[in-house]
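> need a structure here:
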Amino acid sequence: NTPGQKNGVFRAWVDGQRVLEKTDVRFRHVPALKIERVWLNVYHGGIAAAPRDMTLYIDNLVIARQYIGPMKR
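All right, here's what the predicted structure looks like:
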């Protein structure tokens, strides 16, 4: 985004289908600040603890500046 403005774009696709688009994101305030890492947090919904241990697999995750399409299976 332009530093200090809410004009950043965040888009997400799952299996080639766009599932999210936000066009009013402020990622940074100053020009020198760049995105260096991506951190994924996954939470069980609600306020109660998960009823049992759960497993989540995330694979074929891609972070890119433009849409690249789904990966070959």
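
> On the three-state scheme, E21 is what?
Remark: E21 carries the secondary structure label strand [criterion: DSSP: H, G, I helix; E, B strand; the rest coil].

> what sits against it?
E21 sits next to V9, F10, R11, A12 when contact means Cβ atoms under 8 Å, 6 or more residues apart in numbering. C-betas here are computed from N, CA, C, even on glycine.

> In TSV: the residues you listed, plus neighbour count and distance to H44.
Conversion of the contacts of E21 to TSV gives the following (neighbours: other Cβ atoms under 10 Å; distance: Cβ to Cβ, whole Å):
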residue	neighbour count	distance to H44
V9	11	29
F10	12	23
R11	13	26
A12	10	21
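
> Format these as CSV; extra columns: pLDDT, distance to E36 and secondary structure.
Supplementary listing: the contacts of E21 in CSV, determined by pLDDT from 0 to 100; distance: Cβ to Cβ, whole Å; DSSP: H, G, I helix; E, B strand; the rest coil:
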residue, pLDDT, distance to E36, secondary structure
V9, 92, 19, strand
F10, 91, 17, strand
R11, 92, 20, strand
A12, 91, 20, strand
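
> And those, which is closest to D59?
D59 has its nearest neighbour among the contacts of E21 in A12, at 15.5 Å by Cβ to Cβ.

> which residue packs closest to the one residue sitting closest to the centre of the chain, ignoring adjacent ones?
Taking Cα atoms, centre = their mean, the centroid of the chain lies closest to A12, which sits 6.6 Å from it. The spatially closest residue to A12, leaving aside those adjacent along the chain, is L20, at 4.1 Å (Cβ to Cβ, 6 or more residues apart in numbering).
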